[in-house]
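Peer 1: mind folding the following:
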Amino acid sequence: MIASLSPTLTESRLISSMCSVSASLHSICLIHSPAKQRKARSLGLRASSTSLSIETAKDIIDVGLVPISKKVLVPIGYGTEEIEAVVLVDVLRRAGAEVTLASVEQKLEVEASSGTKLLADVLISKCSEQVFDLVALPGGMPGAVRLRDCGVLEKIMKRQAEEKRLYGAISMAPAITLLPWRLLTRKKTTGHPAFFGKLPTFWAVKTNIQVSGELTTSRGPGTSFQFALSLANQLFGETTAKSLEDLLLLRDGFQNPKTEEFNSIDWSLNHTPRVLMPVANGSEEVEVVTIADVLRRAKVDVTVASVERSLRITASQGTKIVTDKLIGEAAESSYDLILLPGGLAGSERLQKSKVLKKLLKEQQEAGRIYGATNSSSTVLYKHGLLKEKRTAVYLSDTDGPANEQMIEGVEVVIDGNVITSLGLATVTNFSLAIVSKLFGHGRARSVSEGLVHEYRGNLKAS
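Peer 2: Below you'll find the model as predicted:
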């Protein structure tokens, strides 16, 4: 069962099954042979690795790899929905695609709809003469308008459609961006419920994913993983998409409760909740962006702080995020919650931060709330912050009783003032559980509807 895997095993399987490797001429992906997977694991690959030496690439080819070369363009602008953009980039890079994040603004740094600052790889002008296997548009407002008004992007998209290569759009982008460009003609299309009425009446369909020839459309942040997996399927095939679905912890029909709570206490506050999210090079970008986005939609004051020497961090799949503060400056304030995102390399760097360790100790001593996703639960454990606390993840590098703290088959576990999650695709439920504890089910349900995410509001108390 995936829920019982350790963070190390989960993330190493991500590589052993679907490793994205950039050698000098092409990317390569692993074939799913157990024997070959074991040999690949012995090479010491990590989920956060995006490039390897030519020598290592040759070794991997010997254990059963096929050459793949797929180029993907994901354009962003001021007000782009960050979950939609980052999930696209993350999932397609894991699948083996060479993904370019391009800014339609006059600068690389772009502030997304909920305040996350993303650093694009290039300006869109650099992409005007390139050929892409897929161009996928995130939504968000006014991001979809910024994309629509970009002449270079319009030409790229029209050429993509004319030459019958794959293109896609999610959320507001089908109605706001593609429709004025006349790229929805005689195409069944879906989109965000708030903009559904703007789609051509006889061609609009209320489905999470709609594939119509070369065009794929989807509904919103809550369907971003489905959207990205559908595109991965079209680029790389069903086997790749299914492997990613498992590895990202997307499990339809999961029979156990999604969230379980022990030793329930009241989290409600009489002021705007203040949340600190420390991040590092190698943190999981999907987790960083989703937690910040969901909590900010709920009117939580979120500070994303870098434990590096720079405000800019490079996340596990290569997404560059510009944080709000350095951890030293952030430490001058107190917070109602401190939340650690996962990612193996990122977790290791968070653990080494003396400033963060001090903050976490003070948080515990004051009885305030703290939590972690995926491998960062190990950071809490090693700092002595999970004593007698139940968790949603297998605590690596521990022995005996500590591992019995894990609650199998549950995505999110709350134990008093501590919350943990399996991470990756389960992080939306993690974030909504926090909203529910702070404000109640009503606000969590409202945020969930805006995300186009199915809200399971009932906590199972134990």
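Peer 1: residues near the residue nearest to Trp181 when sequence neighbours are not counted, how many?
Peer 2: Ranked by Cβ to Cβ, 6 or more residues apart in numbering and with sequence neighbours excluded, the top spatial neighbour of Trp181 is Glu154, at 5.6 Å. Heads up, the C-betas are built off the backbone N, CA and C, glycines and all. Glu154: 17 surrounding residues under other Cβ atoms under 10 Å.
Peer 1: got it, and Gln130?
Peer 2: 12.
Peer 1: sorry, back to before: return the set of buried residues in the helix or strand where the residue nearest to Trp181 lies.
Peer 2: Using DSSP states H and E, Glu154 maps to helix 151-162. Neighbour counts using 16 or more other Cβ atoms under 10 Å place Val152, Leu153, Glu154, Ile156, Met157, Gln160, Ala161 of helix 151-162 among the buried residues.
Peer 1: the residue nearest to Trp181 and Leu178 touch, don't they?
Peer 2: No - contact criterion Cβ atoms under 8 Å: Glu154 and Leu178 do not qualify, at 10.0 Å.
Peer 1: torsion angles phi and psi at Leu350?
Peer 2: Dihedral angles phi and psi of Leu350 (degrees, to the nearest 10) take the values phi -60, psi -40.
Peer 1: could you check how many residues crowd around it?
Peer 2: 28.
Peer 1: going forward, begin numbering at 671 instead of 1
Peer 2: Will do, 671 is the new start, and the previous item becomes Leu1020.
Peer 1: list the contacts of it.
Peer 2: The neighbourhood of Leu1020, defined by Cβ atoms under 8 Å, 6 or more residues apart in numbering, consists of Pro948, Val949, Ala950, Ser953, Val977, Leu1010, Leu1026, Ser1046, Val1049.
Peer 1: and the first one, what does it touch?
Peer 2: What it means is Pro948. The contact partners of Pro948, taken as Cβ under 8 Å, 6+ apart, are Ala975, Ser976, Val977, Ile997, Ala1000, Ile1008, Leu1010, Leu1020, Ser1023, Leu1026, Leu1029.
Peer 1: just among these, which is most surrounded?
Peer 2: Counting neighbours by other Cβ under 10 Å, Leu1010 comes out on top of the contacts of Pro948 with 31 neighbours.
Peer 1: not counting its neighbours along the chain, what's nearest the residue sitting nearest the centre point of the chain?
Peer 2: With distances taken as Cα atoms, centre = their mean, the chain has Val956 as the residue nearest its mean C-alpha position (1.8 Å). Distance criterion Cβ to Cβ, 6+ apart; nearest residue to Val956, sequence neighbours excluded, is Asp760 at 5.2 Å.
Peer 1: so that neighbour makes contact with Gly1013?
Peer 2: No - using Cβ under 8 Å, Asp760 is not in contact with Gly1013; the gap is 11.0 Å.
Peer 1: okay, now the unreliable bits of the stretch 721-870 of the chain?
Peer 2: Across the stretch 721-870 of the chain, the ranges flagged by pLDDT under 70 are 721-738.
Peer 1: tell me where it has helices.
Peer 2: 724-732, 752-765, 813-818, 821-832, 843 (DSSP state H, counting those that start in this stretch).
Peer 1: which stretch among those helices comes nearest His1111?
Peer 2: helix 752-765 (21.5 Å; Cβ to Cβ).
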